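In: return a 3D structure for these sequence lines:
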Amino acid sequence: MNRRRTGRKGPELVFPCTRSPRFAAGRRPVSPEEAVLLDGQLPAPILPRGDFPLPPAGFDLFDGPPDDCPGPRSAEALARRLHRQFGGRLHLPGAIGYDAGRLAWRRDLDQQPLLIAEAADAADVARAVLTAREFDVPVGVRATGHGTVRPTDDGVLLNLSRMAYVDVDPVRATARVGGGARWGDVVAAAARFGLAPISGTSSALGVAGYTLGGGVGWLSRRHGFAADSLLRAEVVTAAGTRLVAGPDDDADLWWALRGGGGNFGVVTELQLRLYPVREVYGGVAYFPGERAAEILACHRDHAADLPDELTTALTLLRLPDAPGVPEPLRDRTVVAVRVCHTGPVEWGRRALAPLLAVAGPPLFGGYAPMTWPETAALEDPQPGPQIVREHTDLFRGLSDELIDVLLAEIGNSGTTRSPISVIELRHVGGALGRPLADGGPSGHRDAAYALIAVAPHLHAAQLPVARGHVAAFARRLRPYATGGVLLNFLSDPSRTMAAYRPADLGRLAALKRIYDPENIFHRNHNIPPGP
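Out: As a prediction, this is how the structure comes out:
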């Protein structure tokens, strides 16, 4: 196994054990008016917003003889240890920043971390990781909250949203991206030079989590997983070491990052390959649900002949009678056909013609030339945070029996109507199905379709019923599915192992033993350390 460590390596930051406070020589004591008692012993200035304060003038938290280590596992003790050398902000329970920072997009995950560390740079990340290790608590990582699948309870929740820079090199067609950046920022910066990343289908998604999980977007049938375009990454490991992983530096870590999720460290910077894209042919059109069987069967029959430049997503939707729904679609079951073709417009129209001939006139929407940033319109407006239940599977094809299962689930009615109102089939294949000689562990490359079924906008009281419906639907799909999943589509952490081929999973577990033997990065789609 290649274990080269020739990349740039930062200092191993070691924090001292807890020390009894005393006044530094030459500094004046703190008056009662300047300080309040924190946790019964440490003076600190009053902050109206409740975030953790800096020490008052004349007071040094780390002066004096050391006490026993590691000290109590309390939010205040963690914050005391960390804040003196931390450039960002720390948020304790009860603070305004805490309640906003702990929220995941999935509101059924009510995480309660001991501390939220809003890092300003990679050095902050390293200090937070080392402090968490010293106190023997887990570390969770978030930028946007979309990828949260396990709550970071009783641990340190690292927030990277301040590390959101984007630097495009148009000559090399690459982008250097901070660990907290979102795709909308990268798309806008690259578009000025006629370039595009393999980005998520929502501009609100975080770049790092999406890429580390594989990443399937509108360019993937032509250029592969987003992880395939990861050229280099700067990583803070569980040891607090800052490494550069790439084909010539820590090549094993670089391999693991390209699909292994957040198991091997905190990625603070990525270098991504960009692709020349200025104008595409695409859009979204909605067709009557009565045409769904014919549309799905037609797509299946022509899927093998569709060019890599054409990416389609077929979505079965049961829409409500609500003001936000266009009038022709209200209270109807419809098929949304989303299209992105990155070749000449006429080639796109020609490739799409057989499907549109079967679909007939749309109820709403259509297709036209558009710039790459305008492909954001291919998705519905990003839904707000909510309680949802989801299921995902991969299929090598769409049999008539599978189509019947899908239509029965989305079209049922009456008092027992399924809470699943969205079933999307993304056409994968193309470059996604062609293994790379130096490729990472991203995804299963033998599938033609990836399914995502969603029961959206639930109330907490509806969760037990929704779980039952989703589980029953999953059982009906099982005879037709490959058994694999794409990691980024997966919200159930109990199915993490299904995202990897057996040989890749064994190698990932062995590398986890090297880079995170104590498994402090486990509030994720976790791969435990191997024996």
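In: how about the helices of the protein, start to end?
Out: 75-83, 96-101, 122-134, 183-191, 207-212, 220-223, 251-257, 292-302, 345-359, 400-411, 463-477, 502-515 (DSSP state H).
In: quick one: average confidence on stretch 449-467?
Out: For stretch 449-467, the mean per-residue pLDDT is 92.
In: about what we covered before: how about the helices of the chain, which one is nearest residue 241?
Out: When these are compared by CB to CB, helix 122-134 sits nearest residue 241, at 7.7 Å. C-beta here means a position set from N, CA and C on the backbone, and glycine is covered the same way.
In: identify each buried residue in that closest one, please.
Out: For helix 122-134, burial by neighbour count (16 or more other CB atoms under 10 Å) applies to 122-134.
In: take the residues you listed and write them to JSON lines, including distance to residue 522 and pLDDT.
Out: Output for these, formatted as JSON lines (distance: CB to CB, whole Å; pLDDT from 0 to 100):
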{"residue": "122", "distance to residue 522": "21", "pLDDT": "97"}
{"residue": "123", "distance to residue 522": "24", "pLDDT": "96"}
{"residue": "124", "distance to residue 522": "21", "pLDDT": "97"}
{"residue": "125", "distance to residue 522": "17", "pLDDT": "97"}
{"residue": "126", "distance to residue 522": "19", "pLDDT": "97"}
{"residue": "127", "distance to residue 522": "20", "pLDDT": "96"}
{"residue": "128", "distance to residue 522": "16", "pLDDT": "96"}
{"residue": "129", "distance to residue 522": "13", "pLDDT": "96"}
{"residue": "130", "distance to residue 522": "17", "pLDDT": "95"}
{"residue": "131", "distance to residue 522": "17", "pLDDT": "95"}
{"residue": "132", "distance to residue 522": "12", "pLDDT": "94"}
{"residue": "133", "distance to residue 522": "13", "pLDDT": "93"}
{"residue": "134", "distance to residue 522": "17", "pLDDT": "92"}
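In: which of these sits closest to residue 328?
Out: For the buried residues of helix 122-134, the minimum distance to residue 328 (CB to CB) is 49.6 Å, reached by residue 125.
In: wait, that closest one sits on residue 265?
Out: No: using CB atoms under 8 Å, residue 125 is not in contact with residue 265; the gap is 9.2 Å.
In: one step back: and of the buried residues of helix 122-134, the nearest to residue 114?
Out: Out of the buried residues of helix 122-134, the member with the shortest distance to residue 114 (by CB to CB) is residue 132, at 9.1 Å.
In: contact partners for the closest one?
Out: By CB atoms under 8 Å, 6 or more residues apart in numbering, the contact set of residue 132 is 78, 138-139, 155-156, 520.
In: which residues of the stretch 1-150 of the chain fall in strands?
Out: 36-38, 42-44, 89-91, 115-118, 139-142 (DSSP state E, counting those that start in this stretch).
In: kindly report the same for the stretch 351-500 of the chain.
Out: Using DSSP E, counting those that start in this stretch, strands in the stretch 351-500 of the chain cover 364-371, 387-395, 422-427, 449-458.
In: and the ones you listed as JSON lines, adding mean neighbour count?
Out: Rendered in JSON lines, the data for the strands of the stretch 351-500 of the chain read as follows (neighbours: other CB atoms under 10 Å):
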{"stretch": "strand 364-371", "mean neighbour count": "15"}
{"stretch": "strand 387-395", "mean neighbour count": "22"}
{"stretch": "strand 422-427", "mean neighbour count": "21"}
{"stretch": "strand 449-458", "mean neighbour count": "21"}
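In: would you turn those into a markdown table with distance to residue 93?
Out: Converted to a markdown table, the strands of the stretch 351-500 of the chain look like this (distance: least, CB to CB, whole Å):
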| stretch | distance to residue 93 |
| --- | --- |
| strand 364-371 | 45 |
| strand 387-395 | 22 |
| strand 422-427 | 35 |
| strand 449-458 | 27 |
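In: where does the stretch 251-400 of the chain have low pLDDT?
Out: Low-confidence segments of the stretch 251-400 of the chain (pLDDT under 70): 380-383.
In: which of the strands of the stretch 351-500 of the chain sits closest to residue 110?
Out: Here strand 387-395 is closest among the strands of the stretch 351-500 of the chain (CB to CB), at 10.3 Å.
In: give the pairing partners of that closest one; include direction for each.
Out: If you go by DSSP bridges, strand 387-395 pairs up with strand 449-458 (antiparallel).
In: one step back: and the buried residues of helix 122-134, which is closest to residue 89?
Out: Looking across the buried residues of helix 122-134 and measuring by CB to CB, the closest to residue 89 is residue 124, at 9.8 Å.
In: give the contact list for that closest one.
Out: Counting by CB under 8 Å, 6+ apart, residue 124 makes contact with 86-88, 117.
In: among those residues, which two are most distant?
Out: Largest separation among the contacts of residue 124 by CB to CB: 87 and 117, giving 10.6 Å.
In: the more surrounded of the two?
Out: Shown here are residue 87 and residue 117; by other CB atoms under 10 Å, residue 117 has more neighbours (30 against 12).
In: roughly how far apart are the residue nearest to the more buried one when sequence neighbours are not counted and residue 509?
Out: In this structure, residue 117 finds its nearest non-sequential neighbour in residue 128, 4.3 Å apart by CB to CB, 6 or more residues apart in numbering. Distance, residue 128 to residue 509, using CB to CB, to the nearest Å: 26 Å.
In: my guess is the residue nearest to residue 117 contacts residue 81. True?
Out: No: checked against CB under 8 Å, the pair residue 128 and residue 81 is beyond contact range at 10.2 Å.
In: between the two, what contacts are shared?
Out: Contacts common to residue 128 and residue 81, judged by CB under 8 Å, 6+ apart, are absent.
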